[in-house]
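Enquirer: What follows is a predicted structure for the sequence shown.
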Amino acid sequence: MLSCWAVLPGMAAVNRPAAQFTVGMDVRVVSLRVGPKGSVLHTGQTGTPVDGLSVEIPAGALTNEITINLDYNTGTLSLPSGAGSASGVFLKFSAEGVKSFQQLVNLHIRFNPARHKSTVVVGYAIDAKGRLRVLNQGPQDVKAGTATFSTLVPLLFTWIYA
C-alpha cells in the first residue's frame, strides 16, 4: 500500500491524514498509432471502469508517429473523511517513448450525475510513488456529467467528486 498526500477539496491545510492508493494491475483497453496530426482515442463501451472516456491528442503534440495506450488500473484509492468521494476509476494513459507532449493533451470523462451530488470534479495524476497531483481543470458540466482535464505528460489519472 502506498501512502499519498495531496491537498484535497474540503480538507484543512494542517493535520490531514493521507489518502491511501493501492496499485493494481493494468488492463489494456485500446491502443492506437498517433502522429503529428493528432487524434482522439475513445475507450468506447467495453464493460470496463473507463467506459466513455477519451483522450484528445491535438495536432502538434507529437513530432512523430507513436503508439498510445489507454489502460485501466485495478487499484483502489481510500480518502480521508471529508475529502470528497473517489471515482474508483484509474486511467493509465501511456505514450511510447514520450516523456512530454508539445501541446496540452485533454482527458475527457463522463460520469453519472445522479450518483454524485458534488458541485465540482477534481482530476488528479498519480505518480510512481502513489502521490496525487492536481491536474489542469478544463470545462466541466456536473449536471451533464462531463469534465475535461489537461496534461503535458503521460500519466495514471483519477478524479474525486468534491
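Expert: Perfect, I can see it now.
Enquirer: Show me which positions of stretch 148-158 end up buried.
Expert: 148-149, 151, 154-158 (16 or more other CB atoms under 10 Å). (Each C-beta comes from the backbone N, C-alpha and C, glycine too.)
Enquirer: Which of those residues sits closest to Arg115?
Expert: Distances from Arg115 to the buried residues of stretch 148-158, taken as CB to CB, are shortest for Thr158 (16.1 Å).
Enquirer: Contacts only, for Asn69.
Expert: By CB atoms under 8 Å, 6 or more residues apart in numbering, the residues touching Asn69 are 28, 30-31, 92-96.
Enquirer: go with 6 Å
Expert: 31, 94 (CB atoms under 6 Å, 6 or more residues apart in numbering).
Enquirer: That one: helix or strand, and which one exactly?
Expert: Using DSSP states H and E, Asn69 sits within strand 66-73.
Enquirer: And the pLDDT for Gly130?
Expert: pLDDT, Gly130: 79.
Enquirer: from memory it sits against Phe21, does it?
Expert: Yes - using CB atoms under 6 Å, Gly130 makes contact with Phe21 at a distance of 4.4 Å.
Enquirer: Compare the two (neighbour count), which wins?
Expert: Neighbour tally, Gly130 and Phe21, criterion other CB atoms under 10 Å: the higher count belongs to Phe21, 28 against 20.
Enquirer: so where does that one fall, helix or strand?
Expert: Judged by DSSP H and E, Phe21 forms part of strand 19-22.
Enquirer: That strand packs against which elements?
Expert: Using 3 or more CB pairs under 6 Å, 6 or more residues apart in numbering; DSSP states H and E, the elements in contact with strand 19-22 are strand 2-4, strand 76-78.
Enquirer: And the helix or strand just after that strand, what's buried?
Expert: Scanning forward in sequence from strand 19-22 by DSSP H and E, the next helix or strand is strand 26-34. Of all the residues in strand 26-34, those buried under the rule 16+ other CB under 10 Å are 26, 29-30, 34.
Enquirer: Since that was my last question, I'll sign off now.
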